[in-house]
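Student: next one to model:
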Amino acid sequence: MTHIQGPLAALVTVRRPSGHTIDIGPALDIIDFLVSHGVTGIALLGATGEFIHFDVEERMRFAHMAIRRSRVPLLVNVSHSTLEGALTLARDAAANGAAGLLLMPPHFFRYKQQELREFYFRFADSAADLPPTFLYNLPFFTNGLEPATACEILATGRFGGIKDSSGNLDMFAALAAQRERQRFTLLIGNDSILAARRHLCDGVISGCACAVPDLIAGLDRAVTIGNADAQARLAQRLVEFIEKIDPLPTPLGVQEALALRGFPSALAPTRLGPDLLRHRELFRAWFPGWLEAMRQDLKLI
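Tutor: As a prediction, the model looks like this:
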């Protein structure tokens, strides 16, 4: 089993103007950028990657190219609204060499915890020969796993671990306690608790890392080596970045920051209103100065 740890980036997906196809070339260039700035892995086609815009064939095509390009382990989100769709994506990702799979509960329609457990157990029944699968808990956008449910599923030993994007400290505490009883990979999926909880888990899958991988990799290193001064400064830079992108729809703020670092301009799924346009212009004016200050803070490590 590939050990997933450290700072991983949740990759944005560069869309063509049609909106439902992927511009592969620039997307692969972003992978190179992330690897060169210190990430230890990449998560493909998650929420930050806007997987819901693309059909199964487009997702499989991109996964094939990204796995071939990446020089670090690549996790592929195989989430789908149906079990059969998730298994199709999982088998294809495995055949192409994915290091692991990410799996949300089925999205859009609401299910109770009993049905979510059954979904994961049925997936595991058909996925014994596949790479390790990580539960992907994202209650902001889909059915959320309750702590007892997540721990029960993990206790079966049939899953590699969990990416918890809830940001809920009670959920994280339950997972950390379960990890003391049973070994699995615990990954933070919410940047807001990264600095405070990084020492209690294996790593982080960070949306912010797609735009500022140097910050997330630097913060991770500061926590690991116990450099409290650098950790405090970099944690504050992360807070500042999150505060500036939060008014923009996910993942537009990350995409805007990437554009300011030389990648294709962000493509919003819909036309922005006056308030969001104002926030975007404020962010564009603010980011270059913040980026330079963050780079200076990285020299503390």
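Student: give me the pLDDT for the nearest residue to residue 146 once chain neighbours are set aside.
Tutor: The shortest distance from residue 146 to any non-neighbouring residue, by C-beta to C-beta, 6 or more residues apart in numbering, is to residue 113 (5.6 Å). For the C-beta atoms, the positions are set from N, CA and C on the backbone; glycine is no exception. pLDDT, residue 113: 98.
Student: ok, residue 113 - contacts?
Tutor: Contact partners of residue 113, counting by C-beta atoms under 8 Å, 6 or more residues apart in numbering, are 145-146, 148-149.
Student: pull out the buried residues from those residues.
Tutor: Neighbour counting by 16 or more other C-beta atoms under 10 Å classes 145, 149 among the contacts of residue 113 as buried.
Student: so which of the contacts of residue 113 are in helices?
Tutor: Among the contacts of residue 113, the members found in helices (DSSP state H) are 148-149.
Student: output the contacts of residue 113 in JSON lines, with pLDDT and distance to residue 41 appended to each entry.
Tutor: Below are these laid out as JSON lines (pLDDT from 0 to 100; distance: C-beta to C-beta, whole Å):
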{"residue": "145", "pLDDT": "98", "distance to residue 41": "22"}
{"residue": "146", "pLDDT": "98", "distance to residue 41": "27"}
{"residue": "148", "pLDDT": "98", "distance to residue 41": "29"}
{"residue": "149", "pLDDT": "98", "distance to residue 41": "26"}
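Student: how about the secondary structure of residue 130?
Tutor: When classified by DSSP: H, G, I helix; E, B strand; the rest coil, residue 130 comes out as coil.
Student: next up, the contacts around it.
Tutor: By C-beta under 8 Å, 6+ apart, residue 130 lies in contact with 90-91, 94, 101.
Student: now swap in residue 145 and tell me
Tutor: Neighbouring residues of residue 145 by C-beta under 8 Å, 6+ apart: 105, 113, 116, 135, 137, 139, 153.
Student: and the residues you listed, which two are the farthest apart?
Tutor: Maximum pairwise distance among the contacts of residue 145 (C-beta to C-beta): 15.2 Å, between 139 and 153.
Student: name the residues of the helix or strand containing residue 280 that come out as buried.
Tutor: Secondary structure from DSSP states H and E places residue 280 in helix 274-298. Buried residues in helix 274-298, counting neighbours by 16+ other C-beta under 10 Å, are found at 276, 279-280, 283, 287, 290-291, 294, 297-298.
Student: contacting residues around residue 74?
Tutor: Counting by C-beta under 8 Å, 6+ apart, residue 74 touches 41-44, 66-67, 98-99.
Student: test for you: state the pLDDT assigned to it.
Tutor: If you check residue 74, the pLDDT there is 97.
Student: what's the answer for residue 196, then?
Tutor: For residue 196, the pLDDT comes out at 88.
Student: related to what we said a few turns ago, list buried residues within the contacts of residue 130.
Tutor: So, by 16+ other C-beta under 10 Å, the buried ones in those are 90-91, 94, 101.
Student: let me see the ranges of the helices in the stretch 1-150 of the chain.
Tutor: 24-36, 56-69, 83-96, 113-125, 147-155 (DSSP state H, counting those that start in this stretch).
Student: which element is encountered next along the chain beyond the last one?
Tutor: Meaning helix 147-155. strand 161-164.
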